[in-house]
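>>> build me a model:
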Amino acid sequence: MFHWGVSYSEEQKRALRRLASALRGLVESTVALSAPLDELSALADDAEALGARAARWAGERPFPRYAAPVDGDLNSILPWGVISGPYNPLAAPVAMSMEDGKAIGTVRFGLAYEGPPGGVHGGVVAAVWDQVLAFACMLRGTPGHTATLSTHYRAITPLHETLRFEAWVERAEGRRVHARGHCHAGDKLVSEADGVFIRFRDGFAAPG
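Next up, the predicted model:
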């Protein structure tokens, strides 16, 4: 186990981000492999060796789980997040942004996220909504944790197509913040969502 402490260079961060991206690509390839036995065995050997090599250096996260946005980049807020964390190889490939005070999540899902044939698993869609709605609350200056989340599936959410999740805050009542959103694949509405979030007592600054 190795501890980097508080110092982690930008070069190290870039290399770690590359590693996470490469591993996501490996997962996407693995769920659609049609290879002969010798090639599959060789790939498994390489993966096991890489896992053992990485384990030698594994320990605590080298930098915090939460951060202020860097140069307005919302993806930097949750660097290890399971939905859009650029340093997390398990993260869904969601790119977060802001438009006119709304939270926008843009993504193309591959076969690793399939539920119904040709469609994204409904649980994955709900997980994306949880983050996009929460970001809408944060952008409004009313960040908080999820109290309720309802996802309304209007059509199968397609794989291999660009999806646009858009969310906004409708109202706040004390510490309860109500957010809504819709998701389109092109011009087609595929899902809507609404949630109630409970504002953090200590508060967090909204990104500028």
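
>>> can you pull the phi and psi angles for residue 26?
Dihedral angles of residue 26 (phi, psi; degrees, to the nearest 10) stand at phi -60, psi -40.

>>> now do the residue of the chain most remote from its centre against residue 45, distance only.
Residue farthest from the centre of the chain, counting by Cα atoms, centre = their mean, is residue 38 at 34.7 Å. Distance, residue 38 to residue 45, using Cβ to Cβ, to the nearest Å: 11 Å. C-betas here are computed from N, CA, C, even on glycine.

>>> also residue 88?
Separation of residue 88 from residue 45 (Cβ to Cβ): 25 Å.

>>> give me the contacts around stretch 63-78.
Applying Cβ atoms under 8 Å, 6 or more residues apart in numbering, the contact partners of stretch 63-78 are 8, 13, 79-80, 84-86, 95-98, 103, 131, 135, 138, 205, 207-208.

>>> run the last query once more with 7 Å
The contact list for stretch 63-78, computed with Cβ atoms under 7 Å, 6 or more residues apart in numbering, reads 8, 79, 80, 84, 85, 86, 95, 96, 97, 98, 135, 207.

>>> now, which of the residues you listed sits nearest residue 122?
Closest approach to residue 122 among the contacts of stretch 63-78 (Cβ to Cβ): residue 84, at 18.9 Å.

>>> surely that closest one touches residue 103?
No: applying Cβ atoms under 7 Å, one finds residue 84 not in contact with residue 103, separated by 11.0 Å.

>>> need the contact list for the residue nearest to the spatial centre of the chain.
Closest to where the C-alpha atoms of the chain average out (Cα atoms, centre = their mean) is residue 83, at 1.6 Å. Contact analysis of residue 83 by Cβ under 7 Å, 6+ apart lists 91, 92, 94, 127, 128, 131.

>>> at 8 Å what do you get?
Counting by Cβ under 8 Å, 6+ apart, residue 83 makes contact with 91, 92, 94, 105, 127, 128, 130, 131.

>>> tell me the domain ranges of the chain?
According to automatic domain parsing, the chain comprises the domains 10-55, 74-199.

>>> among the ones you listed, show me which one is buried the most.
domain 74-199 (a mean of 18; mean count of other Cβ atoms under 10 Å).

>>> that domain: end-to-end distance?
Taking Cα to Cα, to the nearest Å, domain 74-199 runs 19 Å from one end to the other.

>>> where in this protein is pLDDT low?
1-7, 68, 70-72, 203-208 (pLDDT under 70).

>>> please repeat the previous calculation with a cut-off of 80.
Low-confidence segments of the chain (pLDDT under 80): 1-7, 67-73, 202-208.

>>> which residue ranges of it form helices?
For the chain, helices defined by DSSP state H occupy the ranges 10-30, 37-55, 122-139.

>>> could those go into a markdown table alongside distance to residue 177?
Compiled in a markdown table, the helices of the chain are given as follows (distance: least, Cβ to Cβ, whole Å):
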| stretch | distance to residue 177 |
| --- | --- |
| helix 10-30 | 31 |
| helix 37-55 | 39 |
| helix 122-139 | 5 |
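
>>> what's the closest of the ones you listed to residue 168?
Among those, helix 122-139 comes nearest to residue 168, with 5.3 Å by Cβ to Cβ.

>>> excluding its backbone neighbours, what's nearest the residue nearest to the centre of the chain?
residue 131 (4.3 Å; Cβ to Cβ, 6 or more residues apart in numbering).
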